[in-house]
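Participant: build the 3D model from these lines:
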Amino acid sequence: MPHHSPLLSIIVPVYNTSSYLRECVDSLLAQSLDDLEIVAVDDGSTDDSPRILAEYATAYPGRFRLLTKANGGLADARNHGIAAATGEYVGFVDADDYVSPKMFSLMCDRASTTGADIVVCKMMGFDPESGAEFPYEEAPSEAFAASLSESPSLLVKNSPSVCNKIFRRKLFTEHDLHFPVGLAFEDLATTYSLFAHANRMEKVDEFLYFYRRARGGSIMSTFGAHYEELMCALEIAYERFSADEVFDRYRDQLEAVALEHLILGRYADFFLHAPAAVKSAYIDRVFKHLDRHFPEWEGGPVLRSMCTSWWLRIISAHRLLLKLYTALPARVALSLSWRLRMFANGRA
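Facilitator: Numbers count the residues shown, from 1 in each chain. Down below sits the predicted model:
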């Protein structure tokens, strides 16, 4: 008899996450959706992860598939998983996170009833030590039930994370889309092109994916050293939009994405904590990048629409002022931001 292809393949890249791995895999095995396969990709782990994965592969031979490979990073492991997946849809779960038992049932039901190529849900970050939670809402529900061409705000308001989304697998295979190997922020380089090719995007308005923050040994933990790779990731996204001849159609939205990831979204992390010399060099590269791809962005309508604070807009668009601001001690910078009401109303 021909082999049955599941509705969904869940790809789990694993690298030295033995402390959290059982919680992750058990949450996937507890899914109320039966028509799925779990594709675990051991990316050259040197801890106890291979033994744990082998136990699951033996215990659940029809549901849990184990692939092993030499260490190549998160993007390489995901690409390996996509190549082996057989489901109509693919989802991605990091090995130190966990998901609601109803996550993939709800998302696949929405995909089946609407025919959507992409379905997203809300994601909750959590700090396991303090118990603090950090909600990631994604775009409001009214922006969905549409394609990107019908609702361009989906490009700006949705996070590039693939972990709280499912994708029709042919979006990857038919458009030769893959995660760039060896580059941090591989989601940023890839997800927006998936949006552009989707016939329709839908949202399940519930917190279903739980993302572990402040984790020491994860694949994501070295991102703080790679912020300049944001520009490399965005360059790949621009090239893909240009190759598909839709860069000009979504120029304003791509400019907003660049401003959010390169400047506006960096006040809470990189601008506060990175060494001053590193921040100065980063700002020079950012301004060169924006000038090249979005001329006159400093006084343009996109930045004005994103910044409700006049001070935030002025500092963000002035190279010297931004360097002076980021050279301040973190406590002083935060105090100044408060006094200037830079973030009093958030960003529009």
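Participant: shaky segments in the stretch 151-300 of the chain?
Facilitator: Along the stretch 151-300 of the chain, the parts satisfying pLDDT under 70 run over 214-225.
Participant: please enumerate the helices of it.
Facilitator: Using DSSP state H, counting those that start in this stretch, the helices of the stretch 151-300 of the chain run over residues 153-157, 170-173, 186-197, 229-243, 251-262, 270-273, 276-293.
Participant: adding distance to residue 101 and mean neighbour count, write those out as a markdown table.
Facilitator: Every residue, glycine included, has its C-beta placed from N, CA and C. A markdown table is the format used below for the helices of the stretch 151-300 of the chain (distance: least, CB to CB, whole Å; neighbours: other CB atoms under 10 Å):
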| stretch | distance to residue 101 | mean neighbour count |
| --- | --- | --- |
| helix 153-157 | 28 | 20 |
| helix 170-173 | 26 | 17 |
| helix 186-197 | 25 | 23 |
| helix 229-243 | 33 | 18 |
| helix 251-262 | 33 | 20 |
| helix 270-273 | 36 | 17 |
| helix 276-293 | 42 | 16 |
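Participant: same list (these) but as a markdown table, adding distance to residue 85.
Facilitator: Formatted as a markdown table, these follow (distance: least, CB to CB, whole Å):
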| stretch | distance to residue 85 |
| --- | --- |
| helix 153-157 | 24 |
| helix 170-173 | 9 |
| helix 186-197 | 15 |
| helix 229-243 | 21 |
| helix 251-262 | 27 |
| helix 270-273 | 34 |
| helix 276-293 | 34 |
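Participant: quick one: closest of those to residue 135.
Facilitator: Closest approach to residue 135 among those (CB to CB): helix 153-157, 14.4 Å.
Participant: let me know the angle separating the longest strand seen in the chain from helix 186-197.
Facilitator: Longest strand in the chain, counting residues (DSSP state E): strand 201-212. Using axes from the mean of the first three to the mean of the last three CA atoms, to 10 degrees, the direction of strand 201-212 lies 170 degrees away from that of helix 186-197.
Participant: how far away is the residue positioned nearest the centre of the chain from residue 53?
Facilitator: Ranked by distance to the mean C-alpha position of the chain (CA atoms, centre = their mean), the top residue is residue 161 at 1.8 Å. Going from residue 161 to residue 53 by CB to CB, to the nearest Å gives 24 Å.
Participant: hmm, back to that, pull the contacting residues for the closest residue to the residue nearest to the centre of the chain other than its chain neighbours.
Facilitator: Of all residues not flanking residue 161 in the chain, residue 187 sits nearest, at 5.6 Å (CB to CB, 6 or more residues apart in numbering). By CB atoms under 8 Å, 6 or more residues apart in numbering, the contact list for residue 187 reads 160-162, 179.
Participant: can I get the residues you listed in a markdown table with distance to residue 85?
Facilitator: Listed next are these as a markdown table, based on distance: CB to CB, whole Å:
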| residue | distance to residue 85 |
| --- | --- |
| 160 | 20 |
| 161 | 19 |
| 162 | 13 |
| 179 | 14 |
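Participant: nearest to residue 38 among these?
Facilitator: Comparing these against residue 38 with CB to CB places residue 162 closest, at 16.1 Å.
Participant: that older thread, closest to residue 67 out of the helices of the stretch 151-300 of the chain?
Facilitator: helix 170-173 (16.5 Å).
Participant: residues touching the residue nearest to the centre of the chain, list them.
Facilitator: Contact partners of residue 161, counting by CB under 8 Å, 6+ apart, are 123, 136, 187, 191.
Participant: over to residue 319?
Facilitator: For residue 319, the contacting residues are 283-284, 287, by CB under 8 Å, 6+ apart.
Participant: quick one, strands of the stretch 51-200 of the chain?
Facilitator: Using DSSP state E, counting those that start in this stretch, the strands found in the stretch 51-200 of the chain span residues 64-69, 89-92, 98-99, 118-126, 133-136, 165-168.
Participant: mind checking pLDDT for the closest residue to residue 70 other than its chain neighbours?
Facilitator: Nearest non-adjacent residue to residue 70, counting by CB to CB, 6+ apart: residue 44, 5.1 Å away. If you check residue 44, the pLDDT there is 98.
Participant: would you check which pair of the contacts of residue 187 lies furthest apart?
Facilitator: For the contacts of residue 187, the farthest-apart pair by CB to CB is 161 and 179; their separation is 12.3 Å.
Participant: please report phi then psi for residue 178.
Facilitator: When read as degrees, to the nearest 10, the backbone of residue 178 gives phi -150, psi 170.
Participant: who's in contact with the residue nearest to it when sequence neighbours are not counted?
Facilitator: Spatially, and ignoring its direct neighbours in sequence, residue 178 is nearest to residue 79 (4.9 Å; CB to CB, 6+ apart). Under the criterion of CB under 8 Å, 6+ apart, the contact partners of residue 79 comprise 178-179, 181.
Participant: now with 10 Å, please.
Facilitator: Residues near residue 79 by CB atoms under 10 Å, 6 or more residues apart in numbering: 11, 13, 41, 72-73, 172, 177-181, 186, 190.
Participant: what's the average pLDDT for stretch 301-319?
Facilitator: Averaging pLDDT along stretch 301-319 yields 94.
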